[in-house]
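# sequence plus the predicted model coming up.
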Amino acid sequence: MKTSDFSIFIQAFMAMFAILNPILAATIFVSMTEGMDAKQARKEALKASIVIVVILTGAAFGGTYILKFLGIPLSA
């Protein structure tokens, strides 16, 4: 991996980390599943993960079109 490729990877990783904020998400998940048994909590975690994957995939593939439809340039 070239230095520039590594730099781009780190920038993308840090941006995704900031957007997804796993530390805050974990605390919210724990508070929302308090009192559930482990099986139900795993089921809810799987459901949430599927929703997140669908949303992020949609944004990755359709984000440019959505911005173009709304008249927002990529430079914004």
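Perfect, thanks for sending it. Numbering: from 1, shown residues only.
# helices or strands next to whichever strand or helix holds Lys47 in the packing?
Using DSSP states H and E, the element containing Lys47 is helix 38-70. Counting contacts by 3 or more Cβ pairs under 8 Å, 6 or more residues apart in numbering; DSSP states H and E, helix 38-70 packs against helix 22-32. (Each C-beta comes from the backbone N, C-alpha and C, glycine too.)
# distance from the helix it packs on to the middle of the chain?
Its chain's average C-alpha position is 14 Å from that of helix 22-32, according to Cα atoms, centre = their mean, to the nearest Å.
# which other helices and strands does that helix contact?
Packed against helix 22-32 by the contact rule (3+ Cβ pairs under 8 Å, 6+ apart) you find helix 38-70.
# tell me the buried residues in the helix it packs on?
Within helix 38-70, the residues that count as buried by 16 or more other Cβ atoms under 10 Å are Ala41.
# and the average pLDDT for it is what?
Helix 38-70 carries an average pLDDT of 92.
# what's the angle between it and helix 22-32?
Orientation of helix 38-70 against helix 22-32 (axes from the mean of the first three to the mean of the last three Cα atoms, to 10 degrees) gives an angle of 130 degrees.
# what's the burial count for Ala12?
10 (other Cβ atoms under 10 Å).
# swap in the one 5 residues further on?
Look at Phe17: counted by other Cβ under 10 Å, it has 11 neighbours.
# contacts only, for Thr33.
Contact analysis of Thr33 by Cβ atoms under 8 Å, 6 or more residues apart in numbering lists Gln40, Ala41, Glu44, Ala45.
# quick one: it and Ser4, what's the gap?
In this view, Thr33 and Ser4 are 42 Å apart by Cβ to Cβ, to the nearest Å.
# could you check how far Phe9 is from Ala15?
Using Cβ to Cβ, Phe9 is found at 11 Å from Ala15.
# starting at the chain centroid, how far to the helix holding Lys47?
7 Å.
# in space, what's closest to the spatially most central residue of the chain - neighbours in sequence excluded?
Centroid check for the chain by Cα atoms, centre = their mean gives Leu20 as the closest residue, at 4.6 Å. Distance criterion Cβ to Cβ, 6 or more residues apart in numbering; nearest residue to Leu20, sequence neighbours excluded, is Ile52 at 7.9 Å.
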